[in-house]
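K.L.:
Turn this into a model:
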Amino acid sequence: MKWLKNLENIAKNHKSGLCPICGSKETDFGYSIIDPKSRMGYGAVWCNSCRHAFHISRVEVKDEKHIKEIPHNLIY
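P.N.:
Next comes the predicted model:
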């Protein structure tokens, strides 16, 4: 999986790292909450340069500061 190192970086350091597609440092990640009671939602990690992304489904959102609108024009 191309985005595995990015997911590991997010879990350990709360940073998304380099894009595995184009090598850009311009990456980001975020989560959207679907069920406020259980704090369950989905997330994504993406590159702002090439717009490639990886979808993260069924994740418990623990940190409020990473809740953000995920761009709509990403390439999954």
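K.L.:
all contacts plus neighbour counts: C-alpha atoms, from now on.
P.N.:
OK.
K.L.:
and the residue nearest to residue 75 when sequence neighbours are not counted, how many neighbours does it have?
P.N.:
What sits nearest to residue 75 in space, not counting adjacent residues and going by CA to CA, 6 or more residues apart in numbering, is residue 52, at 4.6 Å. Other residues within reach of residue 52, judged by other CA atoms under 10 Å, total 18.
K.L.:
residues contacting residue 52?
P.N.:
Applying CA atoms under 8 Å, 6 or more residues apart in numbering, we find residue 52 in contact with 21, 46, 74-76.
K.L.:
same deal with residue 56?
P.N.:
By CA under 8 Å, 6+ apart, the contact list for residue 56 reads 42-45.
K.L.:
What about the residues you listed, which one has the most neighbours?
P.N.:
The member of the contacts of residue 56 that has the most neighbours, counting by other CA under 10 Å, is residue 45 with 26 neighbours.
K.L.:
Doesn't that residue lie inside a strand?
P.N.:
Yes - using DSSP: H, G, I helix; E, B strand; the rest coil, the assignment for residue 45 is a strand.
K.L.:
so who does it touch?
P.N.:
Neighbour list for residue 45: 6-7, 16, 27-30, 53-56 [criterion: CA under 8 Å, 6+ apart].
K.L.:
hmm, what's the outermost residue in this structure?
P.N.:
For the chain, the residue at maximal distance from the C-alpha centroid (CA atoms, centre = their mean) is residue 37, at 21.5 Å.
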